[in-house]
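Undergrad: Okay, sequence plus prediction incoming.
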Amino acid sequence: MYQDKVNQWLNEEKCEPTPTQVKLINAISQYHPSHFLTVQLPLNWRNGGLDKYNAKLKAVIKRFQKCLRPNHWNKKPLPMICIAEKNSWFGYHFHILIYNCKYTTEQLQGALDRTEYDLRLTHQTFELEPITFTPEHLFFYCVKQIKTEHDIKGRLSTTTTIFNIPEKKQQKWCAQQVKPQSKFVKWVKRFVLKPLFIVCLWYQIATLPIRLNIANYKPDYLINSIAIT
């Protein structure tokens, strides 16, 4: 559980966040992430510098998005922030904060399982948990190695940078993703608009033969005139 890790780290370090970390924590808090994902790449993937790790993470994220949203994975991907953290021995692992408003934990875990199968990753690659503990402590834990603005380079990436979403579309897209639909809107879509669409579609199909007969109907005088000519 991430709660135990965060509490243990806070008790051992007993440090205050730097001004850069405070800015990052405040920026992350505005989006209200719902899930915390830790990514530990397999040993045969751990080589090279941070740039290579980021390239491999992008491949993993793109596969995960494709498994989660097959039709719109590259146009409207699930928003997330990826933070690279150096391991105590060698290589890097990643803390990912997911901004989710409509997928359940089971659906996210299912997409991660398919990603593991497609990329032939180990079962220890992903660790997904919903955020229920004090989020500010978790955000501080995620950015604990980013103490100055110089440390941000290469350590921080978002879905918009991974998928190269333009700035104007990024603002509109993030606003749509962050604001969850109200229960009333969901109720109207489910019990009003969806049944209405089905009724209209059924009516169009049921009246199709009648409308075809009307379109092919010709008056007697028009038929006689055609026969005379």
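TA: It's in.
Undergrad: Any regions of this structure where pLDDT drops low?
TA: Within the chain, the ranges that satisfy pLDDT under 70 run 1-3, 9, 72-75, 101, 163-182, 214-229.
Undergrad: Okay, strands next: where are they in it?
TA: Ranges of strands in the chain, per DSSP state E, are 35-39, 80-86, 92-98, 126-130, 156-158.
Undergrad: And the first one, how far out from the chain middle?
TA: What it means is strand 35-39. Centroid separation for strand 35-39 versus its chain: 12 Å, with Cα atoms, centre = their mean, to the nearest Å.
Undergrad: Adjacent strands (with direction) for it?
TA: Strand pairing for strand 35-39, using DSSP bridges, gives strand 92-98 (antiparallel), strand 126-130 (antiparallel).
Undergrad: ok, now the last one?
TA: The sheet places strand 156-158 alongside strand 80-86 (antiparallel), with pairing taken from DSSP bridges.
Undergrad: Pull the distance from the partner strand to the chain's centre.
TA: The answer for strand 80-86 is 15 Å, by Cα atoms, centre = their mean.
Undergrad: Kindly report the same for stretch 137-152.
TA: The chain centre lies 22 Å from the centre of stretch 137-152; the measure is Cα atoms, centre = their mean.
Undergrad: Domains in this protein, by residue range?
TA: Taking automatic domain parsing as the reference, the chain has its domains at 2-178, 183-228.
Undergrad: Now tabulate these in CSV and tack on mean neighbour count.
TA: Where C-beta positions appear, they are placed from N, C-alpha and C, glycine not excepted. CSV is the format used below for the domains of the chain (neighbours: other Cβ atoms under 10 Å):
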stretch, mean neighbour count
domain 2-178, 16
domain 183-228, 9
